[in-house]
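# After the sequence you'll find the predicted model.
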Amino acid sequence: MTLNDLGWNPRFEAEFADCYSNGWEPARLIRDNKISYGAILGDGTEIEVALGGAVYHEAETDAALPSVGDWVALEMGDEGNEYEAVIRARLERQTCLSRKAPGKGTEEQVIAANVDVVFVVTDAALDFNARRMERYFAVMQRSGARAVVLLNKSDQYPDEAIQAAKAQLLALNPDVDVCITSALDSSGVDALRGYLQPGKTIALIGSSGVGKSSLINQLIGQDWLWTGEVNGVTGKGMHTTTARELLALRRGGMLIDNPGIREVQVWTDAKTLKESFKDFDEIASQCKFHDCKHGSDKGCAIHAAIEAGTLCRERFINYLKLDFELAQLSQRQKKRQLTVSRRSRRELKSKGEKYSDKHKRRQSRP
């Protein structure tokens with residue numbers, strides 16, 4: 001195994017030049033253990049590493065901290081230390097798969113870094129939700145990674161349902177690859193191996209119980225990941241992946257498994273969102289008035305398309321919801337920045353007053 005097998009390339013090499021002069025070594029993070037990280041070196045050796053204080057304090061947000069898939073510079077430690085190395089720098093990410101952290105906060109949550117392909121795993125019936133898939137597509141559009149949807153559990157559904165789901169996906173995103181798979185009988189799995197090329201990284205995301213871990217077991221040829229039994233009531237599998245982990249495969253390629261995603265809150269911008277729904281702009285350009293709000297305006301091409309059945313009403317409503325979410329997120333971020341700025345000014349003012357009082361007391365001493 002070499003660094004190139006792990007995704008190393010000339011751009012990372014150029015960025016690492018100064019790190020070499022410090023005697024640091026490149027490595028890729030494969031696990032985030034909250035307190036420490038798991039990393040893999042160019043020769044395939046896996047070690048536990050600690051986060052350097054400078055890297056922690058220089059990170060303006062949690063998303064700027066090292067994450068699974070990141071390339072880092074390690075200062076190798078001496079034998080007998082608790083950790084074998086310390087992270088002294090994180091290299092700039094080429095791609096970043098993120099979502100807004102769950103809850104009402106304004107923080108970005110990194111799902112995986114430096115990913116080439118994202119597999120969204122779903123099925124043709126119980127888990128399939130076109131509106132949720134639109135959210136996934138918006139997230140992947142922002143990441144810069146190639147999007148692939150796996151319609152898994154094909155052994156459980158009739159071909160008509162599977163083809164209908166595939167048609168819906170292609171209507172939502174004509175550029176997406178749709179693969180029909182079954183982890184139970186291994187159908188379609190061979191086609192997925194074509195994405196596993198040396199130096200390429202694939203991340204798997206999706207709801208709990210859709211078969212991500214089972215598919216990974218099929219791809220790597222052994223029961224690497226524990227898989228749960230299927231719930232007899234819901235028909236869904238048990239949640240079996242509890243932490244993100246990057247698996248470097250001997251035959252080439254890397255897989256990043258992720259815990260099941262319960263809510264897909266988008267982390268993107270208005271421009272990228274519009275690119276994900278570019279068919280709306282094409283229709284909206286035909287509106288009678290250029291400032292049409294697509295509400296009760298006369299001559300609205302969007303509403304005409306909905307009435308004619310050429311535009312899905314639910315898809316348009318979902319777009320409005322996503323646009324509203326982004327607007328709210330932007331407002332909360334601005335409010336948070338203002339609050340932080342005010343707090344910083346108050347702290348500086350308080351320190352200045354304390355210093356001034358201390359200086360006056362010193363001058364008043366006989």
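Nice, I can see it. Residues are numbered from 1 along each chain as shown.
# Now do the helices in this protein.
For the chain, applying DSSP state H gives helices covering 10-15, 17-21, 53-58, 130-143, 159-172, 189-192, 212-220, 270-276, 278-284, 301-308, 313-364.
# Specify the beta-bridge partners of the residue nearest the centre of the chain.
The geometric centre of the chain, computed from its C-alpha atoms, lies nearest to residue 97 (CA atoms, centre = their mean), at 2.6 Å. Following DSSP bridges, residue 97 is listed with bridge partners residue 112.
# Settle this for me: it is touching residue 138, isn't it.
No - no contact is recorded between residue 97 and residue 138 when judged using CB atoms under 8 Å, the distance being 11.9 Å. C-betas here are computed from N, CA, C, even on glycine.
# For burial, what's the neighbour tally of residue 185?
Look at residue 185: counted by other CB atoms under 10 Å, it has 11 neighbours.
# Please look at it and residue 155 and confirm they touch.
Yes - Residue 185 sits in contact with residue 155 when judged by CB under 8 Å, with a separation of 5.5 Å.
# still on that earlier bit, any idea which of the helices of the chain scores lowest on pLDDT?
Of all the helices of the chain, mean pLDDT reaches its minimum on helix 270-276 (a mean of 62).
# ok, and the closest non-adjacent residue to residue 72?
With CB to CB, 6 or more residues apart in numbering as the measure, residue 87 is the residue that lies nearest to residue 72, at 4.8 Å, once sequence neighbours are left out.
# Tell me how many other residues crowd that neighbour.
Summarising burial for residue 87: neighbours were counted as other CB under 10 Å, giving 26.
# For it, give me its contacts.
The contact partners of residue 87, by CB atoms under 8 Å, 6 or more residues apart in numbering, come to 37, 49, 50, 51, 52, 55, 66, 72, 73, 74.
# Dump those into TSV; add neighbour count and distance to residue 16 as well.
As requested, those are exported to TSV (neighbours: other CB atoms under 10 Å; distance: CB to CB, whole Å):
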residue	neighbour count	distance to residue 16
37	24	18
49	24	16
50	17	20
51	20	18
52	20	16
55	18	15
66	24	15
72	26	10
73	24	7
74	23	11
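# Bridge partners for residue 25, pull those for me.
As for beta bridges, residue 25 partners with residue 74 under DSSP bridges.
# Look at it and report its pLDDT.
Predicted confidence (pLDDT) for residue 25: 94.
# any idea how the protein splits into domains?
Taking automatic domain parsing as the reference, the chain has its domains at 4-90, 96-257, 277-311.
# could you dump the ones you listed to CSV with distance to residue 318?
Rendered in CSV, the data for those read as follows (distance: least, CB to CB, whole Å):
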stretch, distance to residue 318
domain 4-90, 25
domain 96-257, 5
domain 277-311, 9
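# Out of those domains, which is the most enclosed?
Ranked by mean neighbour count, the domains of the chain are led by domain 96-257 with a mean of 19 (mean count of other CB atoms under 10 Å).
# what's the first-to-last distance across that one?
15 Å (CA to CA, to the nearest Å).
# Same check on stretch 177-188?
The distance separating the two terminal residues of stretch 177-188, taken as CA to CA, comes to 13 Å.
# That stretch: how far from the chain's middle?
Taking CA atoms, centre = their mean, to the nearest Å, one finds stretch 177-188 lying 23 Å from the centre of the chain it belongs to.
# average pLDDT for that stretch?
Per-residue pLDDT over stretch 177-188 has a mean of 87.
# And for that stretch, what's in contact with it?
Outside of stretch 177-188, the residues that reach it under the criterion CB under 8 Å, 6+ apart are 146-155, 162, 166, 169-170, 189, 191-192, 211, 214-215, 217-218.
# still on that earlier bit, for the residue nearest to residue 72, name its beta-bridge partners.
With DSSP bridges applied, residue 87 shows beta-bridge pairing to residue 51, residue 74.
# show me the contacts for the residue nearest to the centre of the chain.
Residues counted as contacts of residue 97 (CB under 8 Å, 6+ apart) are 110, 111, 112, 113, 115, 118, 139, 140, 143, 145, 203, 205.
# and of these, the nearest to residue 175?
Checking those against residue 175 with CB to CB, the nearest one is residue 140 at 10.4 Å.
# Settle this for me: the closest one is touching residue 118, isn't it.
Yes - with contact defined as CB under 8 Å, residue 140 reaches residue 118; the gap is 5.2 Å.
# Need the overlap of contacts for the two.
With CB under 8 Å, 6+ apart as the test, residue 140 and residue 118 both reach 97, 147.
# Can you tell me how far the closest residue to residue 168 other than its chain neighbours is from residue 69?
In space, and not counting its chain neighbours, residue 168 is closest to residue 130: 5.5 Å by CB to CB, 6+ apart. To residue 69, residue 130 is 29 Å away according to CB to CB, to the nearest Å.
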